[in-house]
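J.: no FASTA, just this:
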Ligand code: CTP
Ligand code: MG
């Protein structure tokens, strides 16, 4: 079945601290967002992509993928969840509520096709996300006179680190995300908005190379992964 992909790309890239938003920094000589869109355009069964851009964005029109017939844009918002919601609103005006939607960070250009296939290979009504089991020991902290100290060690076997894409039916994702934002829930990903209303998203184990380009050191790592991927 066909599905849509929402790409939040309206962030400022503060932790990267570059002269432009990180989604427009060159990786192997090509803008990060261009690489991510190029990757998504190769996914089987893709119906279209909605990219959420900052109202101040000046770079997007110069990307090779900007004029692709499957690529649409909307203006994003203050937080990532606002940007995703704007894209979902665009889709609700055009598509059926049952349409599967995958939300994928602009900042994750390296996701492998095998991981996408695994995420697509489950029933269309299922809520699911790519994630990795934690490999380090996980400490829950508390602040003692401003110094972070261990409050307890969590059971690592139960800890997963969320990646994207995260998938859900369009109507359900839109209603949970808009309710969660109205009620001031902490929504750092799509799954958390669905969890807030009793859903239990399925964890699909992805590969470790689906990194989110966040800090300067991530650029070299992403370039190395991409060089192997596209070699
Ligand atoms: N994003 C968005 N709208 C926002 C904030 C973030 O669409 N208001 C997007 C980013 O462009 C990115 C993804 O959400 O593709 C993941 O967010 P993050 O990695 O935190 O990117 P930034 O917010 O740009 O980075 P930072 O937090 O360091 O400023
Ligand atoms: Mg951010």
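T.: All right, it came through fine. What you see is a predicted model; the values in this text were computed from it and never measured. Numbers count the residues shown, from 1 in each chain. Ligands and ions are numbered 1, 2, ... in the order given.
J.: drop to CA atoms for contacts and neighbour counts, all remaining ones
T.: Fine.
J.: Quick one: end-to-end length of stretch 23-40, please.
T.: Length of stretch 23-40, first residue to last, C-alpha to C-alpha, to the nearest Å: 15 Å.
J.: Please see if that stretch touches ligand 1.
T.: No - Stretch 23-40 does not reach ligand 1 (C-alpha under 6 Å from any ligand atom); its nearest approach is 6.5 Å.
J.: rounded to a whole number, what's the mean pLDDT of that stretch?
T.: Stretch 23-40 shows a mean pLDDT of 98.
J.: Tell me how far that stretch lies from the chain's centre.
T.: 15 Å (C-alpha atoms, centre = their mean, to the nearest Å).
J.: Need the residue in the protein that's farthest from the chain's center.
T.: Checked against the mean C-alpha position of the chain, the extreme residue using C-alpha atoms, centre = their mean is residue 145, at a distance of 35.6 Å.
J.: phi, psi of it?
T.: phi 50, psi 40 (degrees, to the nearest 10).
J.: for ligand 1, what are the nearby residues on the chain?
T.: Residues of the chain lying near ligand 1 (C-alpha under 6 Å from any ligand atom): 8-16, 52, 76-80, 83, 105-107, 214.
J.: Among those, which lie within strands?
T.: 8-9, 52 (DSSP state E).
J.: Just the closest of these to residue 201, please.
T.: residue 8 (20.2 Å; C-alpha to C-alpha).
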